[in-house]
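K.L.:
Have a look; sequence and predicted model below, questions after that.
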Amino acid sequence: MKWQVQSKAPSAFLEKFPEYSPLITQLLYNRGLKTQKQIDEFFNPDYHEDFHDPYLLKGMKKAVKRIFKAVKKKEKVCVYGDFDADGICASTLLYLAFKKIGLENVESYIPDREKENHGLNENSIKKLAQKGIKLIVTVDCASTDFKEVKLANSIGLDIIITDHHQVGEKNPKVLALINPWQKDDPYPFKELSGTGVAYKLAWALLSFEKKEIEEPLKKWLLDLVALATVADVMPIIGENRTLVKYGLGVLAQTQILGLQELMKVSRVEPEITQSSINGEAPSTNLNTTTLGFTLGPRLNAASRMGHANIAFSLLTTQDQKKAEELALTLNQKNTERQKVTAIIFKEYMADIEDFDLEIFFQGRPSWSVGLLGLVASKIREKYYRPVIAYTEIGNIIHASCRTIPEFDLMEMIKKAKHLMDDAGGHKASAGFRAQKENLDEIKSIFKEFALEKLKDQELVPVLKIDTELFLNDIGWPNYDQIQKFDPFGKNNLEPRFLIKGLEINDLRTVGKNDKHLKMNLICFDGDRARNLKGIGFNLGEKEGGLKKGDSIDVVFEFILNQWNGTRELELKIIDIKLSKL
């Protein structure tokens, strides 16, 4: 792994913001926050000031008008979502909002991950039409579903698309398309999650004729928005930062029974540590780790190990006992998901014949389609390569793709799209389906493209470091100031620091299978020295190359260790190297 310390902020920038310490100013500079307005919005996100008007989104007025027509005419309406955590949260949010504005005949449809794949499909459209559905509102999908929209139009169904995925040069001919990425859309923040876009529609609906319920419900829906934004790995900057900041406070006191029970089975005990005084987001012990690594995976486990309807039912039920049962079911499915993912990971590794290839492309018919993306991500993290993992269902290949920053998946997929039944996704995460007979040709095209793009590049992950610290920097004042950067996430990672010349006083492996590395270290500064404790999660394998007395350089994040009412500042070790003489 290559270490890269960020460039130092210019002295003029440091002098521009004397109210902040040099360390905090450097962190602001690293995150591109270079004006007073940007910094104020970052440190003090405001519910009333930092949310953009939903009517800035193209298609919003048409969508609102059509939905209230459905209310007036008592039409049957379907919220059509995706099966991941973002799609489930978006479906729940819009379903609840529709109920609140008086839509009596509203239902949800989430396709089967294995049988139907993402987005609209012809069979589901026909079934919904037979049930008397007059309006379909999609969430987190369908921006490029031309064929399916054409079918819906031909049988008298109106379609409103809400989505956050990239659009093409042309759009499907729908009644309204709400997607901040569409051409000439004036909405100033493009990085909303699918649930974030659905929230904007809900906001517009609740503000239209129901002003007495607008504010309370708008706020109580933010737990779903925050959860989806983090689970879908959206950037925690701009409007998303405000959504997540307030959403964490809402989640700590959520009114959704399913989320209450899901936190219980996940051993999450939410609490408000500081109430809102002047309208600011309340402080809570919950954070983005809770959302991204505890709750999100459990919601995703529904479709990975069964059907997403389990998760949707959990989030919409008003029955306490049912919520308890569904939360336990999801928890069990998540445990099962972890075990099966580990098996597929080992099999994928065993199938790789050449670890020096620019791209890895492996599959087996026995692999679960719902776990392919997870496996591809793990392989990519381990070997820093674009990775495709696929399975076979009948004569159809289902593939998930994950990549590194230097390589654009969508650019690669375009080269072979003529051989695929469908494909979609983002630059970093994508998927496709194709006939089995086309697999070898697709592989050949992908490998040729990867060779062309990556042959002259050093495929080594880069560990970005905010700045180097010294003995005087390790203390509570800096730790407390760094916490103001929370919530952390994509584009606002928890600050990482370099400290050189630490002496190992003691080290040992801990945890199951000795996965983790625990260390006692001595930090020197001239004649002064101080003992520091460090823990390197999943770094147990490095123990063999280290010994007591070695001088090491460490990249770390601050970590708080609390017990019996006391707290101790420790180092969460990200990587280690022997110090150069």
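P.N.:
Happy to help now that I have it. Please read these numbers as outputs of a predicted model, since none were measured by experiment.
K.L.:
From now on I want contacts and neighbour counts done on CA atoms only, so please keep to that.
P.N.:
Noted.
K.L.:
immediately after the worst-scoring helix or strand of the chain on mean pLDDT, which helix or strand?
P.N.:
Across the helices and strands of the chain, mean pLDDT, DSSP states H and E gives its lowest value to helix 211-220, namely a mean of 69. Using DSSP states H and E, the helix or strand that follows helix 211-220 in sequence is helix 222-231.
K.L.:
which helices and strands sit right next to that next one?
P.N.:
Contact analysis of helix 222-231 by 3 or more Cα pairs under 8 Å, 6 or more residues apart in numbering; DSSP states H and E lists helix 85-100, helix 194-206, helix 238-251, helix 296-304 as its packing neighbours.
K.L.:
Now do the third one, average pLDDT.
P.N.:
This points to helix 238-251. Helix 238-251 carries an average pLDDT of 96.
K.L.:
mind saving the C-alpha coords of it as CSV?
P.N.:
Once non-C-alpha atoms are left out, helix 238-251 reads as follows in CSV (Å, rounded to 0.1, in the frame of the first residue of the first chain):
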residue,chain,number,x,y,z
GLY,A,238,-23.4,19.2,1.0
GLU,A,239,-27.1,18.4,1.4
ASN,A,240,-26.5,14.8,2.2
ARG,A,241,-24.5,15.9,5.3
THR,A,242,-27.5,17.8,6.6
LEU,A,243,-29.8,14.9,5.8
VAL,A,244,-27.6,12.4,7.7
LYS,A,245,-26.9,14.7,10.6
TYR,A,246,-30.6,15.3,11.3
GLY,A,247,-31.5,11.8,10.3
LEU,A,248,-29.2,10.3,13.0
GLY,A,249,-31.0,12.4,15.6
VAL,A,250,-34.4,11.2,14.3
LEU,A,251,-33.2,7.5,14.2
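K.L.:
Now do the next helix or strand after that helix: distance to the chain's middle.
P.N.:
Where DSSP H and E defines the elements, the next helix or strand beyond helix 238-251 is helix 257-265. Relative to its parent chain, helix 257-265 has a centroid offset of 20 Å by Cα atoms, centre = their mean, to the nearest Å.
K.L.:
So for helix 257-265, what gets flagged as buried?
P.N.:
Of the residues in helix 257-265, 257-263, 265 count as buried by neighbour count, 16 or more other Cα atoms under 10 Å.
K.L.:
again with stretch 13-26
P.N.:
Buried, per 16+ other Cα under 10 Å, within stretch 13-26: 14, 22-26.
K.L.:
Also stretch 50-67?
P.N.:
Buried residues in stretch 50-67, counted by 16+ other Cα under 10 Å: 50-51, 54-55, 57-61, 63-64, 66-67.
K.L.:
again with stretch 151-166
P.N.:
Applying 16+ other Cα under 10 Å to stretch 151-166 flags 152, 157-165 as buried.
K.L.:
Narrow the buried residues of stretch 13-26 to those in strands?
P.N.:
For the buried residues of stretch 13-26, not one is inside strands, with DSSP state E as the criterion.
K.L.:
Nearest to residue 393 among these?
P.N.:
When these are compared for distance to residue 393 (Cα to Cα), residue 26 wins out at 51.6 Å.
K.L.:
do you know how far the closest one is from residue 12?
P.N.:
According to Cα to Cα, to the nearest Å, residue 26 and residue 12 sit 12 Å apart.
K.L.:
quick one: what helix or strand has the closest residue in space to residue 469 that isn't next to it in sequence in it?
P.N.:
Closest residue to residue 469 in three dimensions, ignoring its sequence neighbours and counting by Cα to Cα, 6 or more residues apart in numbering: residue 499, at 5.4 Å. Per DSSP H and E, residue 499 falls inside strand 497-510.
K.L.:
The most centrally placed residue in the chain in helix, strand or coil?
P.N.:
The chain has residue 233 as the residue nearest its centroid, 2.0 Å off, counting by Cα atoms, centre = their mean. Per DSSP: H, G, I helix; E, B strand; the rest coil, the secondary structure class of residue 233 is coil.
K.L.:
what residues are up against residue 24?
P.N.:
The contact partners of residue 24, taken as Cα atoms under 8 Å, 6 or more residues apart in numbering, are 481-482.
K.L.:
What distance do you get for the residue lying closest to residue 133 once chain neighbours are set aside to residue 162?
P.N.:
Distance criterion Cα to Cα, 6+ apart; nearest residue to residue 133, sequence neighbours excluded, is residue 76 at 4.7 Å. Distance of residue 76 to residue 162, computed by Cα to Cα: 18 Å.
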